[in-house]
Structure formats: structure tokens, C-alpha cells
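Chemist: Please work out how this folds:
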Amino acid sequence: MMQTSRSFRDGVSINLGFDPHDSSTHKSQSWMRSWRRLSSLQRTMIILFLCIGILCFIYFGPSFQSEEPSVNRIKPRNLPHDNPMDMLSPKALHDIQMEKERIRQQHQNRIEAENAGHKPPLEAVDNPDVEEPKHQLVQPNIEEQKPDKVVEDKDNDIGNLMENDFDYFAPDRKYTTQQLAVIEAFKECWSAYKKYAWGHDEFHPVSKGNSEWFGTGLTIVDSIDTIVIMGLEKEYEEAREYVSNDLSFDVDKDVNLFEITIRELGGLLSSYHLTGDDLFKKKAIELGDRLLPCFNSPSRVPFSDVNLRTGNAHPPRWGPDSSTSEVTTIQLEFKDLSRVTGDPKYKDAVEEVYNHVHEEPKKDGLVPIFINAQTGKLRNSATISFGARGDSYYEYLLKQWLQTGKTEMKYKNDFVQAVEGMQKHLVRKSEPSKLTYIGELLSGRSFSPKMDHLVCFMGGTLALGQANGLSDDFLDLGRELTHTCYQMYFRMPTKLSPEIVYFNQASGAEEDLIVKPLDAHNLLRPETVESIFYMYRITKDEGYREWGWKIFQAFKKHCRIEGFGYSSISNVKNAGNPGFRDKLESFFLSETLKYLFLLFSDEPDLIPLDKFVINTEGHPLPIYKSAFSR
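Modeler: Take a look at the predicted model:
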């Protein structure tokens with residue numbers, strides 16, 4: 001093709017490259033006439049903008065990589081690390097940088113002081129010294145001798161707990177990038193709670209309000225051991241000061257025995273074991289004593305509620321029955337209280353309850369979800385479920401066996417029988433994907449393909465059983481259930497699970513999960529990340545960590561209210577507008593974030609499962625060598 005050269009007024013000559021005899025060039029000639037009418041400055045600016053646009057497209061072009069991991073099976077994969085800086089907010093990154101400089105200056109001051117012949121006190125260190133977020137262990141460049149850990153051990157009966165010697169506030173703590181992101185989420189919630197709801201039970205992050213349930217600083221007490229495990233010294237001092245100066249159980253208020261036991265009694269005992277601070281032990285004793293009147297029922301099966309000041313105990317306002325799970329999910333805490341005090345009265349009270357339920361007739365080890373405190377009889381016409389009002393009965397069968405150093409076989413035998421009954425009557429597979437799930441028996445007879453998110457604790461519990469010598473089939477079933485629970489997140493538009501799911505049983509169905517409008521809310525519950533944590537600890541399969549990270553990212557995307565923490569949401573099926581329910585549940589701090597933090601930890605001594613049994617609210621309690629004896 002002929003090359004035609006055109007000269008411009010600025011003396012620059014370029015080849016336009018068109019054939020004047022080709023009719024297809026007429027539009028090009030018209031374009032060139034318009035171009036020549038432009039001034040030299042205009043032409044230069046147009047060329048400049050075009051160049052900038054091309055460079056921006058090349059540099060910021062979209063990525064077409066798949067976002068989600070495989071849903072068919074777990075594969076060992078590294079955690080996502082395309083841009084780790086995105087995991088922390090600019091404020092968090094700035095805080096880390098400022099903390100790094102402070103630590104370095106502190107270290108320099110100590111060196112200068114030591115050279116001068118004296119040693120200044122060590123300041124509190126809240127954050128690790130990191131050059132930049134990476135998916136690897138990070139560690140501050142500072143050396144300091146760890147203080148001796150004080151843990152009372154009168155009977156030398158706490159297994160190997162003393163040998164653990166883990167210093168949670170040591171300046172050489174090691175954190176992964178994912179742990180730093182979880183810490184950031186916790187601190188944002190804590191800061192907002194402190195500003196708007198300090199000392200109150202619950203925080204409402206949308207309205208910036210608060211509410212009472214027990215009137216005993218629930219969010220603080222429930223969160224203390226999470227603070228300790230994360231190594232947050234400033235937040236720990238704030239919480240301890242509240243417990244020391246302001247926490248009172250002398251309140252004229254009815255409380256639920258189960259809820260306050262697992263949350264506050266368990267939280268105080270765990271904090272005592274992790275820190276050795278007698279303050280938490282004294283408060284636990286006071287609370288335990290105020291709860292004992294619940295056991296003064298005709299059958300010795302405890303009443304569900306008690307007034308903390310008057311000691312008046314009674315059934316729930318809605319009827320004569322207590323929830324089966326509630327009266328059988330207080331044993332770990334009361335037995336531990338007997339261990340730390342040497343007083344058997346707490347253990348005797350809850351052991352009598354267990355022995356009574358143990359003797360009651362069951363359906364292949366399965367219990368209905370209601371029991372009458374007056375008569376002590378299980379209501380056989382009630383639903384059998386591993387969800388609400390039934391769930392933690394089965395959990396505490398296994399964990400009581402572990403708590404006693406696997407010496408009291410009745411708990412193990414009841415757990416194994418219950419799992420066999422569960423497999424016989426409740427375990428099914430959905431259509432079309434064959435997801436394994438645990439349904440319910442309505443009135444103890446009619447099967448329903450309904451599964452609460454609460455049931456998702458069972459995958460990790462089965463794996464924990466297998467890790468302690470039970471059948472390998474338990475681990476296989478645990479894997480399948482945990483996979484199903486992850487699908488309850490992955491298949492929703494928000495990537496967050498609804499509260500309740502119905503599984504499709506019809507052959508030829510297109511979708512496994514059915515979510516009714518009133519069941520589509522998400523309360524920031526921990527059960528799935530709890531099972532993911534256990535599955536990772538026991539199998540070391542990195543795929544579980546990836547699942548946990550995806551869930552955390554979904555919480556952050558849809559439940560976070562910037563500057564005010566996290567709220568439960570109303571509709572997991574509406575990613576554009578899930579709707580805030582305006583409530584930060586205390587178990588989000590006590591369990592959900594704690595399990596995520598532990599999941600992403602590379603510290604082998606951080607809450608080892610052969611030394612701790614974790615209660616149903618996420619509070620670690622020690623495993624003893626034997627059963628308690630007088």
C-alpha cells in the first residue's frame with residue numbers, strides 16, 4: 001500500500017498509511033481533515049490522554065480468576081494472598097506502623113537504660129512489629145524474659161497444663177496476617193461497645209444503643225478469654241478493671257441458668273485458668289453460689305431461671321418445661337468450679353442431673369428437647385433435634401468424658417450410642433448434590449429435613465471424638481457434615497448461612513437448599529467456623545483455613561458497620577440489602593472471632609486440644625487426669 005506523508009505546521013511529519021484510490025479511505029480522509037483543523041496544543045493533549053488511558057487499562061485491568069474454592073471436596077491450598085494489604089484497613093496499617101516505631105524506640109530506651117545501670121519497666125505491647133502484612137509468622141524485634149505463669153494446682157491434677165507455660169501477653173507473640181485481620185475486627189467491636197454500651201449486656205451498633213439481659217456486663221465477661229488468647233493487653237486491663245470495680249451479681253433480675261453458666265461462669269473460669277488471677281476465681285464462686293437454688297426442684301432437674309438476688313428459682317415464663325440441652329449443658333462449668341474450689345457441692349448438683357437423664361428412656365440414645373423440672377420426665381412427644389434445645393446435650397457427653405481425662409466411661413458410652421441413633425434416624429442426603437445433613441424427628445416419630453445452623457457444631461465434635469480414639473467413621477461423617485455447613489454459606493448470595501435450612505429430598509430437584517423467608521437471618525453464629533477449626537486442627541488440611549477465611553470475608557462485607565463493629569443481618573439471600581438487625585451478639589466475640597483466630601494460628605501451644613476442653617460458648621477449661629473425688 002502507498003504510504004502518504006503529511007506535514008504539519010509544527011514541522012512534525014508522520015505516515016498516515018492509506019490508499020487514496022481506495023473508497024474505504026474516504027472516512028479516513030474526512031477524519032484527517034478534522035484532525036488538521038485542531039491546533040497543535042489540542043492534538044498534543046488528545047495524544048497524551050490516549051496514552052494515559054492505554055497505560056491505565058494495562059495496569060488496572062480486571063482479573064478473571066475464580067473467586068471461590070472447590071465445593072466438591074477440600075483440597076490442600078494456600079490461603080488467598082493476591083493482595084494481603086487489602087486485609088487491613090488504612091487505620092490498622094497506620095497503627096501497626098506507629099506501634100513498630102514505638103517498640104523500636106522502647107527497645108532503644110531499654111538498651112540505653114541498661115547501659116546506664118538500671119532497667120525501666122516494660123510497656124504494654126498491643127501489636128506485633130511487622131514490616132508489612134504477609135502470610136507468614138511475624139515477630140517483633142525485641143527480647144524480654146517471660147514472667148512466671150501462676151496457675152493454682154492444689155491436687156496436681158490438671159494434666160500437662162502447667163507444662164504449656166504459654167504467655168499470652170509476651171512481646172514475642174507471633175501472628176499470621178489473617179489473625180491480624182481478626183484482631184482488627186474484634187478491636188473495632190470492643191471500641192464501639194466501650195464507647196456506647198460499656199457495662200451493659202449487649203450493644204446495638206446501628207442505633208448506638210444498649211440493652212440488658214442479665215444486668216452483669218455480659219459482653220465484657222464473655223469476651224475476656226478471647227482478649228487473653230489474642231494477647232490484647234490494653235483491652236485486658238480494661239476488662240479486668242470492670243470485673244474488679246463494677247461487676248456485681250447482686251442484681252434483682254431473673255437469669256437463665258444455662259445462658260449465664262456457659263457465658264459468664266464459663267468465661268470467668270476460663271479467664272482464671274489462662275491468667276491465674278484469683279479475681280476471676282472469686283467472681284466465679286459468687287456466681288456459682290447464686291445459681292445453686294435452681295437445683296432445689298422436686299426432681300433435682302434444675303429450674304430454668306433464677307433471681308440472682310433473691311434466689312427464687314422457677315420454670316420459664318412460657319411453660320412448665322426446661323430445655324433438655326439447657327439442664328445438661330452446665331456440667332463442665334460446675335465440675336470445674338468444684339475442682340478450683342475443692343468444694344464438691346457444684347459437681348454434685350450437676351452430676352445428679354446427668355445421672356437422672358442417663359436413666360430416662362431414650363430413642364436409641366436420642367433425647368426429646370424438653371424435660372419437666374417438677375417430674376424430671378422427658379417429654380416424649382417433643383421433637384428430637386441436634387439443633388435448638390437439644391444440641392449441646394450431645395456435645396457435653398463427649399466433653400465430660402474428655403474433661404475427666406477419659407476416665408468416666410459412661411459419658412463416652414452415651415455419646416457413642418447417641419451418634420449411632422443419629423445415624424439411624426436423622427442422617428440423610430439431599431438432592432441433587434447428596435449433601436449429608438442431620439434432620440429432626442417431629443413428635444419423636446416423623447422425619448423433617450430441617451437443620452438449624454446450630455447443628456453445625458457436630459462436624460467438629462465428631463472429629464474431636466475420633467481424635468480421642470473413637471471410630472474413624474466419626475471423622476468421615478464429620479467431614480461430610482462440615483462440608484454441608486460450608487455449602488450453607490457458599491450457596492447464599494451473601495456467602496453467609498441462614499439460621500435454618502430445609503434440604504430437598506425430591507428426586508430430580510435442582511437445588512439442595514430451601515430457605516424460608518423467616519429463616520434467612522444470620523446471627524453471627526460460630527458453629528460452622530467451630531467445626532472448621534476442629535477439622536483443621538485434627539486433619540491439618542489447609543482447605544479448611546481457606547473456607548474459614550472466605551466466611552470471615554463475608555462477615556466483614558455484609559455484617560460490618562464501619563467504626564461500630566458488626567451486626568446480625570436479616571436476609572442472607574439479598575446481597576444488595578441484607579438488612580442490619582442492630583445487634584452484636586456476645587458470642588461473636590466469645591466464639592466466632594476466637595475460633596477464627598485459633599484457626600489461623602501457627603502457634604502449636606495455643607489452646608492445645610489435649611490440655612483444654614472448650615465449652616459450648618468457646619471458653620477453654622482444663623482437662624484433668626481423673627474424675628473429681630471428695
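
Chemist: any chance you could map the strands in the stretch 101-250 of the chain?
Modeler: 202-204, 209-211 (DSSP state E, counting those that start in this stretch).

Chemist: domain assignment for the chain?
Modeler: 86-153, 176-622 (automatic domain parsing).

Chemist: So what touches stretch 461-470?
Modeler: Residues external to stretch 461-470 that are found in contact with it (C-beta atoms under 8 Å, 6 or more residues apart in numbering): 394-395, 398, 402, 406, 412, 415-416, 419, 472, 474-475, 477-479, 481-482, 531, 534-535, 538-539, 609. C-beta here means a position set from N, CA and C on the backbone, and glycine is covered the same way.

Chemist: Can you pull out the low-pLDDT segments for this protein?
Modeler: 1-38, 40, 51, 53-164, 629-630 (pLDDT under 70).

Chemist: picking that back up, quick one: buried ones out of the contacts of stretch 461-470?
Modeler: 394-395, 398, 402, 412, 415-416, 419, 474-475, 477-479, 481-482, 531, 534-535, 538-539, 609 (16 or more other C-beta atoms under 10 Å).

Chemist: Deepest-packed of the domains of the chain, please.
Modeler: Among the domains of the chain, the stretch with the highest mean neighbour count (mean count of other C-beta atoms under 10 Å) is domain 176-622, at a mean of 20.

Chemist: how far out from the middle of the chain is it?
Modeler: Relative to its chain's centre, domain 176-622 lies at 10 Å (C-alpha atoms, centre = their mean, to the nearest Å).

Chemist: how long is that domain end to end?
Modeler: 26 Å (C-alpha to C-alpha, to the nearest Å).

Chemist: ok, back up a step: possible to save the strands of the stretch 101-250 of the chain as TSV with distance to residue 578?
Modeler: Listed next are the strands of the stretch 101-250 of the chain as TSV, based on distance: least, C-beta to C-beta, whole Å:
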stretch	distance to residue 578
strand 202-204	17
strand 209-211	20
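
Chemist: Ok, which of those strands comes nearest residue 562?
Modeler: Nearest to residue 562, of all these, is strand 202-204, at 15.4 Å by C-beta to C-beta.

Chemist: Quick one: residues in contact with that closest one.
Modeler: With C-beta under 8 Å, 6+ apart as the criterion, strand 202-204 contacts 189, 192-193, 196-197, 209-213, 218-219, 565, 567, 582-586.

Chemist: switch the cut-off to 7 Å
Modeler: Applying C-beta atoms under 7 Å, 6 or more residues apart in numbering, the external contacts of strand 202-204 come out as 192-193, 196-197, 210-211, 213, 218-219, 582-584, 586.

Chemist: Equivalent analysis for stretch 358-378, please.
Modeler: Taking C-beta under 7 Å, 6+ apart as the rule, stretch 358-378 contacts 297-299, 301-303, 315, 320-324, 327, 356, 379-380, 382-385, 389-390, 393, 410, 414, 417-418, 420-422, 424-425, 444.

Chemist: go on, stretch 605-622?
Modeler: 158-161, 164, 166, 222, 225, 229, 262-263, 266-267, 269-270, 273, 329, 332-333, 336, 392, 395, 399, 402-403, 526, 537, 587, 590-591, 594-595, 598, 623.

Chemist: So what sits opposite the spatially closest residue to residue 189 that is not a sequence neighbour in the bridge?
Modeler: Nearest non-adjacent residue to residue 189, counting by C-beta to C-beta, 6 or more residues apart in numbering: residue 565, 3.5 Å away. Beta-bridge pairing for residue 565 (DSSP bridges): residue 561.

Chemist: Residue 565 against residue 186, yeah?
Modeler: No: using C-beta atoms under 7 Å, residue 565 is not in contact with residue 186; the gap is 9.0 Å.

Chemist: distance of residue 376 from residue 299?
Modeler: Going from residue 376 to residue 299 by C-beta to C-beta, to the nearest Å gives 3 Å.

Chemist: again, but for residue 467
Modeler: 36 Å.

Chemist: quick revisit: the strands of the stretch 101-250 of the chain: which one's closest to residue 576?
Modeler: strand 202-204 (23.1 Å).

Chemist: Inside helices: which ones of the buried ones among the contacts of stretch 461-470?
Modeler: Secondary structure from DSSP state H places 394-395, 398, 402, 412, 415-416, 419, 474-475, 477-479, 481-482, 531, 534-535, 538-539 of the buried ones among the contacts of stretch 461-470 in helices.

Chemist: Output the host helix or strand of residue 325 as CSV, restricted to C-alpha atoms.
Modeler: Residue 325 belongs to helix 324-327 when assigned by DSSP states H and E. Coordinates of each C-alpha in helix 324-327 appear next as CSV, following Å, rounded to 0.1, in the frame of the first residue of the first chain:
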residue,chain,number,x,y,z
THR,A,324,-33.1,-30.7,77.7
SER,A,325,-29.9,-29.1,76.4
GLU,A,326,-30.0,-26.4,79.0
VAL,A,327,-30.1,-28.7,82.0
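
Chemist: who does it touch, helix- and strand-wise?
Modeler: Judged by 3 or more C-beta pairs under 7 Å, 6 or more residues apart in numbering; DSSP states H and E, helix 324-327 is in contact with strand 370-372, helix 391-403.

Chemist: rerun that using 8 Å as the cut-off
Modeler: With contacts defined as 3 or more C-beta pairs under 8 Å, 6 or more residues apart in numbering; DSSP states H and E, helix 324-327 has these neighbours: helix 257-260, helix 345-359, strand 370-372, helix 391-403.

Chemist: Which of those sits closest to residue 47?
Modeler: Comparing the helices and strands packed on helix 324-327 by C-beta to C-beta, helix 391-403 comes nearest, at 68.6 Å.

Chemist: Please give me every residue in contact with the residue lying closest to residue 522 once chain neighbours are set aside.
Modeler: Distances taken as C-beta to C-beta, 6+ apart place residue 496 nearest to residue 522, at 4.7 Å, with adjacent residues excluded. By C-beta under 8 Å, 6+ apart, the contact set of residue 496 is 489, 522, 551, 554, 555, 558, 559, 569, 572, 578.

Chemist: How is the first one classified with respect to secondary structure?
Modeler: Reducing the assignment to helix, strand or coil with DSSP: H, G, I helix; E, B strand; the rest coil, the entry for residue 489 is helix.

Chemist: Next one: it from residue 199, what distance?
Modeler: In terms of C-beta to C-beta, residue 489 sits 34 Å off from residue 199.
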